[in-house]
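S.K.: Return atomic coordinates for the entry below.
(2 chains)
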2 protein chains.
Amino acid sequence: MPTSAPTPVMAGIAPPPAMLSRINIGDFLRRAAQSDPQNIALVDGDMRLSYGELNRRVTQAANALLASGLRPGARVASLCNNSAEFVVAFFGVHRAGLVWVPINTGLGLDDVRFILEHAEASAVLVDGALLEGEPLRALLEQHGPTTGFVIEGAARGRYAAFAAACAAQDEIETPVEAGDRDVAQIMYTSGTTGRPKGVMQCHTAVVMAAFANAVELGMNREDVANAVLPLFHCAQHTLLCSLLAAGARVVLLRGFDPTRMLEVIERERISKMFALPLMYQAMLDHPTIAQRDLSSLKLCLYAMAPMAETLLRRLIERFCPQFMLASGQTEMYPLTVAFRPEEQLRRFGPYWGASSILNDTAVMDDEGRILGRGAVGEIVHRGPNVMQGYYKDPEATEKARAFGWHHTGDLGMWDADGQLLFKDRKKDMIKTGGENVPSVKVEAVLLQHPAVANAAAVGLPHARWIEAVTAFAVLKPGANADEAALIAHCKAHLGGFEVPKAIRVLDALPMTSTGKVQKQPLRERFHDLYAG
Amino acid sequence: MPTSAPTPVMAGIAPPPAMLSRINIGDFLRRAAQSDPQNIALVDGDMRLSYGELNRRVTQAANALLASGLRPGARVASLCNNSAEFVVAFFGVHRAGLVWVPINTGLGLDDVRFILEHAEASAVLVDGALLEGEPLRALLEQHGPTTGFVIEGAARGRYAAFAAACAAQDEIETPVEAGDRDVAQIMYTSGTTGRPKGVMQCHTAVVMAAFANAVELGMNREDVANAVLPLFHCAQHTLLCSLLAAGARVVLLRGFDPTRMLEVIERERISKMFALPLMYQAMLDHPTIAQRDLSSLKLCLYAMAPMAETLLRRLIERFCPQFMLASGQTEMYPLTVAFRPEEQLRRFGPYWGASSILNDTAVMDDEGRILGRGAVGEIVHRGPNVMQGYYKDPEATEKARAFGWHHTGDLGMWDADGQLLFKDRKKDMIKTGGENVPSVKVEAVLLQHPAVANAAAVGLPHARWIEAVTAFAVLKPGANADEAALIAHCKAHLGGFEVPKAIRVLDALPMTSTGKVQKQPLRERFHDLYAG
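M.R.: Numbers count the residues shown, from 1 in each chain, chains lettered A, B, ... in the order given. Below is the predicted model:
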């Protein structure tokens, strides 16, 4: 045998052509459709789409997008709430090798315009219902892409009806070369400063997360799950992908209503549920709860915040025996950590649990040292679900991946049993109802008001929003403005979920000796603002 | 908005560094170890290795391999049967960014030498027990790599004891850059002609298969499974990976014995079983079966061949309610198709079932047209589990991926319900006990015998081997050789499983008008050779 250096393994061999070996978010749907095309994939009101039918529609959607002149790599923004047509559309975007840019429909128009321009969107998908709004229509007419499709609605202005455009296409897939690590979607998320950041995720990241979640959550063809949170958000999107990869059935809901949700659980025999703590509370307190048949429920997921012990005990007794808290980030596709059913009643507090099977999770100090149990540091991850970076922001990208790990901006600690405890946020960010709101963004808007001298925004405990955006303002000498006026000002410049739920005008803000606002005293003093 | 071509998405952004986002067969084991390091991962006789301990040993193994001078990309061959130390070793190979070349321990020495040389193996892992064999020891001394480790045994000649080499290493992982699509293993498989072919599989292919299998087979932390088939074979290897990715427990067995297997099911509470049809038959017919507690069994997988209806009905009644036939190939990492539990008693015959969630499956004609139900063609696949190619054989690689699909060499047909039926083999290959034996290889050896004028080898139905290698020989005028002499000749030139179970000397072989041997009349005439 030669003892010299071995021949490189791939010498002279071309890697498989892209369509042969590709990983694509649009592909696993086709693959799930193969084994049982009659099985129902999506329920949306009275509409029931089988896997076979969903797959055909996704093919037509991809063909319609390509027929409109879009070329692989082009960005297709969406301004859509949950609907089967939206699901068809975004899987079509992926299958066509286009890049999906989902825009939160709750964002202010300034941010919508920023995202459309920053992403250089070549096309937009927009709900017919949202197009009824004059300001959005005007914005899209003046600053939107010339190519667009109306989801659930008739053609309007430059934008064609998506359903009709798809129906005109044939059901034969167009081969598209889209690399595993090519960007599949850019989801914009709020940074602590400035404009939203575009998180680039590749096909491999999303597909690996979908498969790993399906393992973690034991998803299979027998499962029926709800999708009540918005699909433009990473949490509901990753779960939808997981369920469809596993051949399960997803019941779409357009907003949460406890009566409707309970009816759906019974009628559709929901086995895996995903909702926010407040939603579980509302269902548990519903007057008809005693008459409900909840026996189909096998696992209830929740996210965004821990649940109080009393609520959790009641839920486990009355609602479903298994509860699980799942976490993740747009930047590190969920789920990254999970507080598992068997741990739920063993420890209480802000527990995030243990790492997923998809990524490494560690606690790191500012010098890049990995810390052991009992030490507080930044929660960091490593794995195939990590973002490709922030779009057009190499500096923020490099910062997020310091020392070769993705930095979450959350501080945490392993407890003595190796369960991860959330300690604090490293950045000044309010997390309200599942959305990030940078304090500085709210403060900047308030400071633009002619009467405001200084302002501070914090998140305060709130039953519905988990954290409610709350602002404190100091007025200029002689100036006059009440809470209503300041809130009206915020509404004109912020997205709905970013507007403070309350604004208190104070004589002064607590300050450090170096002249920075101290937020902790404000949080403590107003801790019970929304209690009771 | 600009209507010109959009900015390329990745402009100016470096993809994540390899360790940040890497997919590596050695990584999912570490990730499974995070959430519950005390959980038992491997049972091997009296040895019980927890996930935490297994992960530490794999790190030490990777460090020991790197410390011996091996550099990422170098090939490390193994000649090992099932053991915990072997598992540690091959995961260590992957984690170190080395390329694993598992050699079937049943191969003849000519093929072992061929593989070592063809793969340019820089090191070898070899069982101490196998090194007791003088011919293998001589072969390795003369033609083996200078670097080597003895698995389960003391240092011998140039080869160090692996356990001692690992124990000398620390437990801190060495960062290694290994690309997702870099070759992770080269598994040699018999082609229809000539020497074994080296199938290159990348990390992504094996890891995606592991996750997809875990979904398909509903694997979770509660599962306990056996591993009785050899780990150097793709079927048992992919299942081991799936089980360890899902945090399940694997009980290793060193060969099949029905008494021992039944004891293990009871003692370890096996929930997911994998065995060959004959093994199930042997357990079912075991005198103690009536006293066995088999209540832990939730799913029994089988492979390589369908089961007779009577056997399957008895097994489902007595052994386990759920049976499933899983298939795949070294070239298209298993599983690719599955005949699922709910289908088992609905139809009988050589059914392979439906496609997995990981890959597309189609039936294709010789011109690359995908065929519908009822038409016979070659079974082809597409998906992330496809091989990177045959090592140093671009011609065979190109042929295998004609029309952008992987060609299996098996002929099949979708039935009216969309279930895949195996029809025939396109290539002249005998599949015996899970191993491929090319007919031409056996025939070539027989033709080397001075008394043989013509020879034909076929696979005939056999209870144990599924197909038994069977040969027919015509002697030269005046020559003399009986069956025993011809079998002895084969034993000297073939691997154990390749030697014909029977050789019949005939006056003539059935021939076509163009002078080719007709094998079908031989298969029909001798169909019941091994019956009863």
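
S.K.: only C-alpha atoms for contact and neighbour calcs from this point on.
M.R.: Will do.

S.K.: In terms of helices and strands, where is residue A:188?
M.R.: Assigned by DSSP states H and E, residue A:188 belongs to strand A:183-189.

S.K.: ugh, wrong one, residue A:239
M.R.: Going by DSSP H and E, residue A:239 is part of helix A:234-245.

S.K.: Is chain B within reach of that helix?
M.R.: Yes - using CA under 8 Å from any CA of the partner chain, helix A:234-245 reaches chain B at residue A:245.

S.K.: Output the strand holding residue A:188 in PDB, but only the C-alpha positions, please.
M.R.: As requested, the backbone C-alpha atoms of strand A:183-189 are provided in PDB (Å, rounded to 0.1, in the frame of the first residue of the first chain):
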ATOM      1  CA  VAL A 183     -31.400  31.200   0.300                       C
ATOM      2  CA  ALA A 184     -35.000  30.000   0.400                       C
ATOM      3  CA  GLN A 185     -36.500  32.700   2.500                       C
ATOM      4  CA  ILE A 186     -35.700  36.100   4.100                       C
ATOM      5  CA  MET A 187     -37.800  36.600   7.200                       C
ATOM      6  CA  TYR A 188     -37.500  40.100   8.600                       C
ATOM      7  CA  THR A 189     -37.200  40.400  12.400                       C
END
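
S.K.: Now do residue A:259 against residue B:205, distance only.
M.R.: Noted for residue A:259: a distance of 45 Å to residue B:205, by CA to CA, to the nearest Å.

S.K.: Please say which of those two ends up with more neighbours.
M.R.: The residue with more neighbours, out of residue A:259 and residue B:205, is residue B:205; 27 against 14, by other CA atoms under 10 Å in any protein chain shown.

S.K.: what's the closest non-adjacent residue to the more buried one?
M.R.: residue B:385 (4.1 Å; CA to CA, 6 or more residues apart in numbering or on different chains).

S.K.: and what of residue A:202?
M.R.: Residue A:202 sits nearest to residue A:183 (CA to CA, 6+ apart), 4.2 Å away.

S.K.: Pretty sure that neighbour sits against residue A:200.
M.R.: Yes - assessed by CA atoms under 8 Å, residue A:183 is found in contact with residue A:200 at 6.0 Å.

S.K.: what sits in contact with each of these two?
M.R.: Residues touching both residue A:183 and residue A:200 (CA atoms under 8 Å, 6 or more residues apart in numbering or on different chains) are residue A:388.

S.K.: sorry, back to before: and the contacts of the strand holding residue A:188?
M.R.: Outside strand A:183-189, the residues that touch it by CA under 8 Å, 6+ apart are A:25, A:73, A:94, A:97-103, A:115, A:119, A:196-203, A:330, A:388, A:391, A:436, B:9-10.

S.K.: Endpoints of stretch A:374-392, how far apart?
M.R.: Distance across stretch A:374-392, first residue to last, is 38 Å (CA to CA).

S.K.: Could you list the buried residues of it?
M.R.: For stretch A:374-392, a neighbour-count test (16 or more other CA atoms under 10 Å in any protein chain shown) marks A:376-392 as buried.

S.K.: what are the phi and psi angles of residue A:54?
M.R.: Main-chain torsions, residue A:54, degrees, to the nearest 10: phi -60, psi -40.

S.K.: Show me what from the stretch 101-250 of chain A comes close to chain B.
M.R.: A:117, A:120-122, A:143-146, A:183, A:208, A:211-212, A:214-216, A:218-220, A:245-246.

S.K.: Buried among those? Need that as a selection in PyMOL.
M.R.: For the buried members of these, the matching PyMOL selection, counting by 16+ other CA under 10 Å, is:
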select buried, chain A and resi 117+120+121+122+144+145+146+183+208+211+212+214+215+216+218+219+220+245+246
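
S.K.: where does residue A:381 fall, helix, sheet strand or coil?
M.R.: Secondary structure for residue A:381, judged by DSSP: H, G, I helix; E, B strand; the rest coil, is strand.

S.K.: rewinding a little: from memory the residue nearest to residue B:205 sits against residue B:206, does it?
M.R.: Yes - using CA under 8 Å, residue B:385 is in contact with residue B:206, at 6.6 Å.

S.K.: can you list residues touching both of these two?
M.R.: Common neighbours of residue B:385 and residue B:206 (criterion: CA under 8 Å, 6+ apart): residue B:333.

S.K.: Show me what from the stretch 251-400 of chain A comes close to chain B.
M.R.: A:354-360, A:382-389, A:391-394.

S.K.: Which of these fall within strands?
M.R.: Secondary structure defined by DSSP state E assigns A:354-355, A:360, A:382, A:389 of these to strands.

S.K.: Which of those residues sits closest to residue A:131?
M.R.: Checking these against residue A:131 by CA to CA gives residue A:389 as the nearest, at 31.6 Å.

S.K.: can I assume the closest one is in contact with residue B:16?
M.R.: Yes - contact criterion CA under 8 Å: residue A:389 and residue B:16 qualify, at 7.4 Å.

S.K.: which stretches of the stretch 51-200 of chain A form helices?
M.R.: A:51-67, A:84-95, A:109-118, A:128-131, A:134-143, A:162-167 (DSSP state H, counting those that start in this stretch).

S.K.: One more: the stretch 251-400 of chain A?
M.R.: Secondary structure of the stretch 251-400 of chain A (DSSP H, counting those that start in this stretch): helices at A:258-268, A:277-284, A:309-318, A:394-400.

S.K.: highest average neighbour count across the ones you listed?
M.R.: With neighbours taken as mean count of other CA atoms under 10 Å in any protein chain shown, the helices of the stretch 251-400 of chain A reach their highest mean count in helix A:277-284, at a mean of 19.

S.K.: Chain B contacts on the stretch 401-532 of chain A?
M.R.: Contacts of the stretch 401-532 of chain A with chain B, taken as CA under 8 Å from any CA, map to A:401, A:404-406, A:418.

S.K.: and those residues, which are buried?
M.R.: Among those, those classed as buried by 16+ other CA under 10 Å are A:401, A:404-406, A:418.

S.K.: ok, for whatever residue of the stretch 201-350 of chain A ends up closest to chain B, nearest residue in space, not its chain neighbours?
M.R.: The nearest approach of the stretch 201-350 of chain A to chain B comes at residue A:215, 5.3 Å away (CA to the nearest CA). Once flanking residues are discounted, residue A:215 sits nearest to residue B:215: 5.3 Å by CA to CA, 6+ apart.

S.K.: ok, now which ones touch that neighbour?
M.R.: So residue B:215 contacts A:211, A:214-215, A:218-220, A:246 (CA under 8 Å, 6+ apart).

S.K.: make it 7 Å
M.R.: Residues near residue B:215 by CA atoms under 7 Å, 6 or more residues apart in numbering or on different chains: A:214-215, A:220, A:246.

S.K.: what stretches of chain A score poorly on pLDDT?
M.R.: Scanning chain A with the threshold set as pLDDT under 70 gives A:1-15, A:191-194, A:513-515, A:532.

S.K.: circling back: looking at the contacts of residue B:215, which are in helices?
M.R.: Using DSSP state H, the members of the contacts of residue B:215 that fall in helices are A:214-215.

S.K.: Residue A:368 and residue A:405 touch, don't they?
M.R.: No - between residue A:368 and residue A:405 there is no contact under CA atoms under 7 Å: 8.9 Å.

S.K.: about what we covered before: from the chain's centroid, how far away is the strand holding residue A:188?
M.R.: Per CA atoms, centre = their mean, to the nearest Å, the displacement of strand A:183-189 from the mean C-alpha position of its chain is 11 Å.

S.K.: Equivalent analysis for stretch A:396-403, please.
M.R.: Centroid separation for stretch A:396-403 versus its chain: 21 Å, with CA atoms, centre = their mean.

S.K.: all strands for the stretch 301-450 of chain A, in order.
M.R.: Taking DSSP state E, counting those that start in this stretch as the criterion, the stretch 301-450 of chain A carries its strands at A:323-327, A:337-339, A:351-355, A:360-364, A:377-382, A:389-390, A:406-414, A:420-425, A:429-432, A:435-438.
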